[in-house]
Structure formats: structure tokens, C-alpha cells
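Q: Could you work out the structure for the sequence below:
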Amino acid sequence: MRDEQFNALSGEFLASANPTRRQRIADAVRQSRELTPGLAPVVLDDVEVRPLSHNRIEELMADPVFAATFGARPYHFAWVRPERLVALQTFVQPRDDPTPASVDELVELCLPLQSSVPAELSFQAPLGPVYMMSSSPQMQGIRINMDAATNRLILEPPLHLNLVQAVQFARRTYLRNGYHRLYDLMKGGASEVPALVVEGIQPQDVALPPSPGAFDLAYLMSLARPPVLGDFVTDSAVDVAVRERRYGVSIALQINPISVGL
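A: Purely as a prediction, here's the structure:
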């Protein structure tokens, strides 16, 4: 990671840290860069272990949200080696989920059915706006439902399938979603995890939206030894706080009286 990218990602935290803490982080960054050239080679074309066979696959394929998101793209489900997935994201945040005790619990963690996007609402009466904010990057719109039985209009965050998702592209497999969960699983000793594997056709199928928290795909593709998820559990990783980013929408209300003669 270049200095300017690291500073954009963690600069606000560093600015609030005391000199001793800043120096400790600077020393860790220098050590990380010294260790990076010595990272062990990684076999990048042997990520999949075996196909995944589980009743969750049928449940997902029957879900309208899944069909709308992935139905037109080539995909399959497989057990993958998490440490060999190329890292598109520059950071992870431990979630400290309970360690799955069975295959079913592991599949539920990695391939959940529809997950609600957590959001906070605020409303300025009487006509708004209504603000819907979330720390989830999936907060990109709203759902509007009419409850005719109670004459209520319901505004909700969008539906989202928060699957562990990898993308195969140019003979490498990139992790698109699920960084925090897989980090916890690797720390817990997991060597195989269930994932949705999508076959990428063009770079846009792989790359994350440009931000300080994402590596440039063209840069990763140029590296013989790119960063992989397994690097996050080595001494080359730096422990530093990152400011939580917020996403949301503003909803304006317009009320126009109508009069219909009968």
C-alpha cells in the first residue's frame, strides 16, 4: 500500500493519536514493508477444494434477490482455501463471530439468506427529509412497500445477500465480499470455507469501487505475488484503527391534495 493510500485510510485516526502511538504505528508500517518482499509464494490457481453440496444452494437459487443479482452470470458454489484468495480490500475488521461448530453453521455464516441492512432513521416533521444512514456499503437505495390493511407506507433499507463471494478472473480468484468473516475463520483455524464463486468476464466484475480501502485491480494483476487474504494473519499486517464510513439516502416528501368528483 502506498503512503498516500495508507494516510487516506487511517489519517484521521493518526491525527488524533498521541506522538508515541503514531511512532509505534510508523515503526509497524516500516517493518511491514520490510517483511513484504519475504512473504512466502502462494499457489494462486489452486483455490477451490471441491464443489459445495448443501441444501442452502437450492434455497439461495429460489430467492428472487439472488436470481436478480446473480442469475444472469456464470457461477457455482465451492469449498475454497481462504488464505489463497487475492485481497481486493486493504483492511479487515474482526467481527468475533462464534466459531461454527458444524458444517451447517459454517454454511449459514458464509452463505446466509437475505440479510437486512442495518440502518438508522431520522425524520424532520412534517415533510422531511427522511435520512436513512448505515455503515453498510450496500445502503444504495430504499424499498417502498404499501400495507393496504393498515393504510401505511413503509420505507425500508434494500434487501441484500451478504454472501462470501469470490470472483475468478484471468486465472486468479479474488475475494469480492466476506473479508471480516473469513479473517475470523482463518484465525480460528479454518482451512476451507464455503463460497459463491462467480466467473468474471471483464474487470468490472472483479474490482471494488475506487476508495482508499481497495487495491487497484490493474496493479494487483501486474504483481506475480499479489496480496492474499492469508497475509492478514502474518506479521506483515499492521494493526491500526480505521474510521467507520457512513452511507445513506435522503428522502424528500411532497404532498399534493387531490379532489376527484364522482
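Q: Need the residue closest to the centroid of the chain.
A: N177 (3.8 Å; Cα atoms, centre = their mean).
Q: Can you give me the distance of it to D45?
A: 21 Å (Cβ to Cβ, to the nearest Å). Quick note: C-beta positions are derived from backbone N, CA and C, even for glycine.
Q: can you check A170 too?
A: With Cβ to Cβ as the criterion, A170 and D45 are 10 Å apart.
Q: Next, the contact list for the nearest residue to P112 once chain neighbours are set aside, please.
A: Nearest residue to P112 in three dimensions, chain neighbours excluded: N162, at 6.1 Å (Cβ to Cβ, 6 or more residues apart in numbering). Contacts for N162 (Cβ atoms under 8 Å, 6 or more residues apart in numbering) come out as 112, 115, 138, 177-178.
Q: again, 10 Å this time
A: Contacts for N162 (Cβ atoms under 10 Å, 6 or more residues apart in numbering) come out as 110-117, 136, 138, 177-178, 181.
Q: Which pLDDT value belongs to it?
A: Per-residue pLDDT puts N162 at 92.
Q: try T173
A: Reported pLDDT at T173 in the predicted model: 97.
Q: Counting neighbours, what do you get for the residue nearest to it when sequence neighbours are not counted?
A: Computed as Cβ to Cβ, 6+ apart, the closest residue to T173 that is not its neighbour in sequence is V47, at 4.3 Å. Other residues within reach of V47, judged by other Cβ atoms under 10 Å, total 25.
Q: Is it possible to get CSV of the contacts of N162 that adds pLDDT and secondary structure?
A: Below are those laid out as CSV (pLDDT from 0 to 100; DSSP: H, G, I helix; E, B strand; the rest coil):
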residue, pLDDT, secondary structure
C110, 96, helix
L111, 97, coil
P112, 95, coil
L113, 92, coil
Q114, 79, coil
S115, 75, strand
S116, 74, strand
V117, 76, coil
S136, 74, coil
Q138, 68, coil
N177, 95, strand
G178, 95, coil
R181, 95, helix
